[in-house]
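Novice: How does the following fold in three dimensions:
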Amino acid sequence: MAACIDHLVTSGTFALDGGEWDVDNNVWIVGNDSEAVVIDAAHDALAIEAALKGRTLRAIICTHAHNDHIDAAPALAEATGAPILLHPDDLPLWKQTHPDRLPDGDLADHQILVLAGTSFKVLHTPGHSPGAVCLYAPALNAVFSGDTLFRGGPGATGRSFSHFPTIIDSIGGKLLTLPPAVAVHTGHGGSTTIGSESGHLDGWIARGH
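Specialist: Residues are numbered from 1 along each chain as shown. Got it, this is the predicted structure:
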């Protein structure tokens, strides 16, 4: 079977800078009949493991290290033996949630990961956090954007470790250059396409997201 995309929504708490917010997170599972990768192990390791439906988990890829995207990663790694991959610029954030357990491998800009029958190109897209990445899967005509790009605008930049001009540069230089038909599968909420978000960059800057 060719690779396909499965989608799970998990619920929990996002905590940063002394505040806490209830959130629903998208967990993306990409793979074939026998293997899969998980993009952002959020909140519920048992639910994510069940959604694998017996497939071998080859990697847990973190788009960034805010706690709501990584809180279930160590438990899922322990249950499955899969390595956790994170861009090293987000290690300070990671250590706020998991001070005693480091990721197993680093992600790097332009790195190609071939896992579970799928090729992913890592795009380093700082701004929402220093080590934020997006994962472009050309064969699936999809990019997994974490909290860098949502339907209607960029991710939030009002808290520690974030920077609005940087996220705008990341979106303009790394994401909006992808083909218009590419689906954008986000960290929260509904998906969109590159074409739907293209042309709005000046408006986002004017609104000062």
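Novice: And the helices in the chain, which stretches?
Specialist: Ranges of helices within the chain are 45-51, 67-70, 73-80, 91-97, 164-170, 194-197, 201-207, based on DSSP state H.
Novice: between those helices, which one is nearest to residue 156?
Specialist: With C-beta to C-beta, the closest approach to residue 156 among the helices of the chain belongs to helix 164-170: 9.0 Å. To be clear about C-beta, it is placed using only N, CA and C from the backbone, and glycine gets the same treatment.
Novice: for that closest one, packing partners?
Specialist: In terms of contacts (3 or more C-beta pairs under 8 Å, 6 or more residues apart in numbering; DSSP states H and E), helix 164-170 is packed against strand 153-154, helix 201-207.
Novice: Tell me where the protein has strands.
Specialist: For the chain, the strands defined by DSSP state E cover 4-16, 19-31, 35-39, 56-61, 84-86, 105-106, 112-115, 118-124, 133-137, 142-146, 149-150, 153-154, 183-186, 192-193.
Novice: any chance of these in a markdown table, with mean pLDDT and mean neighbour count too?
Specialist: Below are the strands of the chain laid out as a markdown table (pLDDT from 0 to 100; neighbours: other C-beta atoms under 10 Å):
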| stretch | mean pLDDT | mean neighbour count |
| --- | --- | --- |
| strand 4-16 | 98 | 16 |
| strand 19-31 | 98 | 18 |
| strand 35-39 | 98 | 25 |
| strand 56-61 | 98 | 22 |
| strand 84-86 | 99 | 23 |
| strand 105-106 | 98 | 14 |
| strand 112-115 | 97 | 14 |
| strand 118-124 | 98 | 21 |
| strand 133-137 | 98 | 25 |
| strand 142-146 | 98 | 27 |
| strand 149-150 | 98 | 24 |
| strand 153-154 | 96 | 21 |
| strand 183-186 | 98 | 21 |
| strand 192-193 | 98 | 18 |
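Novice: Could you say which one of these comes nearest to residue 169?
Specialist: Closest among these, using C-beta to C-beta: strand 153-154, at 10.5 Å.
Novice: Could you list every helix and strand that that closest one packs against?
Specialist: Using 3+ C-beta pairs under 8 Å, 6+ apart, strand 153-154 is in contact with helix 164-170, helix 201-207.
Novice: Deepest in the core, which of those helices is it.
Specialist: helix 164-170 (a mean of 18; mean count of other C-beta atoms under 10 Å).
Novice: Show me how far it is from its chain's centre.
Specialist: With C-alpha atoms, centre = their mean, to the nearest Å as the basis, helix 164-170 stands 17 Å off its chain's centre.
Novice: surely residue 39 meets residue 144?
Specialist: Yes. Taking C-beta atoms under 8 Å as the definition, residue 39 is a contact partner of residue 144 at 5.0 Å.
Novice: Overlap in contacts, the two.
Specialist: Shared contacts of residue 39 and residue 144 (C-beta atoms under 8 Å, 6 or more residues apart in numbering): 28, 63, 135.
Novice: If anything else comes up later, I'll come back, but that's it for now.
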